[in-house]
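> Please work out how this folds:
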Amino acid sequence: MPDIQFSVNGKNITADVEADTPLLWVLREQFQLTGTKFGCGIAQCGACMVHLDGQAVLACVIPVSAVAGREVVTIEGSSGPVAEAVRNAWRSLDVVQCGYCQSGQIMSATALLSDNKKPSNEEIDGAMNGNLCRCGTYQRIRAAIHQAAQTLEGQS
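Here you go, the predicted structure:
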């Protein structure tokens, strides 16, 4: 088995697993970063969303070999003004119902607002399209993203 080196949440790590092991399982099983959830395993639900070099990606379908030498950020390591604004809006609007999908939702929302400080409803819907919520909190998710955007606008 190859040693695959990459960074997770700012810490350089080495994964001693088969190169085709999905990143999701390396994060959860080898490094106990269980905020990244398993939902479907086929890139359809968004529960496993992480940031790879700043971009939102689905960890269930990315082989760990594809992240060698790169930076992965999970919900546990998500920080900074955008992440804080998103988390505060999520709490303020009581977005979470069951909570299972929320780490993926938050990671997608953070990626969106990092690239687009004032997204329209259509842009939010497009960016969040890969994230499913069995509880149907989509209206609260959209409202929270708008609230986080307003918070960030006030910080400029």
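> How about the residue nearest the centre of the chain: what's its closest non-neighbour residue?
Centroid-nearest residue in the chain, with C-alpha atoms, centre = their mean: Met107, separated by 2.6 Å. Nearest residue to Met107, sequence neighbours excluded (C-beta to C-beta, 6 or more residues apart in numbering): Met49, at 4.1 Å. In short, each C-beta sits where N, CA and C put it, glycine included.
> backbone phi and psi for the one you found, please?
Per-residue torsions, Met49: phi -60, psi 130 (degrees, to the nearest 10).
> For Leu23, see how far away it is.
For Met49, the distance to Leu23 equals 11 Å [C-beta to C-beta, to the nearest Å].
> Now the common contact residues for those two.
Taking C-beta atoms under 8 Å, 6 or more residues apart in numbering as the criterion, Met49 and Leu23 both touch Ala59.
> how many other residues sit next to Val72?
26 (other C-beta atoms under 10 Å).
> Run through the bridge partners of it.
In this entry, Val72 is beta-bridged to Val8, Leu52, by DSSP bridges.
> wait, what's in contact with it?
For Val72, the contact set (C-beta under 8 Å, 6+ apart) comprises Phe6, Ser7, Val8, Asn9, Leu23, Leu27, Val50, His51, Leu52.
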